[in-house]
Each structure stands twice: as structure tokens, then as C-alpha cells.
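Colleague: sequence first, then the predicted structure:
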Amino acid sequence: MDEATELKKLRWRCRRGMRELDQLFGRYLDRCWLRAPTDEREVFLFLLESEDDKLWRWFMGYEECPHAAPAALIARIRALPA
């Protein structure tokens with residue numbers, strides 16, 4: 001699959017129905033995905049498979065993600081400028 005098609009599919013998967021999460025995931029796709037190493041991409045895909053309520057709590061800082069790699073990527077995504 002070419003990168004443009006993959007990016008379209010990922011963008012669709014990033015639509016969570018919560019504006020804040022949609023924006024955060026969209027920023028990552030726009031600014032980081034294409035140059036991200038494979039292991040970081042796998043962590044991002046793990047986040048996309050996570051339940052929305054957990055993502056909300058993790059990204060909004062109400063709860064700490066119990067896994068180190070996703071927690072680090074969440075912090076990085078949250079730090080991306082708007």
C-alpha cells in the first residue's frame with residue numbers, strides 16, 4: 001500500500017468522535033507519522049486500538065497510561081503545538 005493510501009486509512013481510524021482526540025491524532029499524523037521509526041508507528045497503532053474512554057483519560061491527564069512506550073508517545077503528542 002502506498003503512503004498516501006495508508007495515511008488516508010489512518011486518518012479515518014483517528015476519528016474518535018471527540019474533537020480533542022481527533023485533533024491530537026491528526027497533529028501526529030500530519031507532523032510525525034511519515035518520518036516516525038517503525039517502533040513508534042507500532043505504538044501509535046496500539047493507541048488507535050485502545051478504547052476511547054481510556055485514550056481520553058490518558059491524553060487529558062486524568063489517568064497515567066500503564067505502558068511506558070505509549071505513555072511516552074502520548075506525552076510527545078500532547079506537546080505538539082496546535
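Modeller: Here it is on my side, so go on.
Colleague: any idea which residue is closest to the centre of this protein?
Modeller: Nearest residue to the geometric centre of the chain (Cα atoms, centre = their mean): residue 25, 4.4 Å.
Colleague: so what's the closest residue to that one other than its chain neighbours up against?
Modeller: Distance criterion Cβ to Cβ, 6 or more residues apart in numbering; nearest residue to residue 25, sequence neighbours excluded, is residue 14 at 3.7 Å. For the C-beta atoms, the positions are set from N, CA and C on the backbone; glycine is no exception. Contact analysis of residue 14 by Cβ atoms under 8 Å, 6 or more residues apart in numbering lists 21, 22, 25, 26, 29, 48.
Colleague: and the gap between the residue nearest to the last one when sequence neighbours are not counted and residue 63?
Modeller: I take that to be residue 48. In space, and not counting its chain neighbours, residue 48 is closest to residue 13: 5.1 Å by Cβ to Cβ, 6+ apart. Distance of residue 13 to residue 63, given as Cβ to Cβ, to the nearest Å: 22 Å.
Colleague: residue 5 too?
Modeller: Applying Cβ to Cβ to residue 5 and residue 63 gives a distance of 34 Å.
Colleague: pLDDT at the residue nearest to residue 25, what is it?
Modeller: At residue 14, the pLDDT value in this model is 94.
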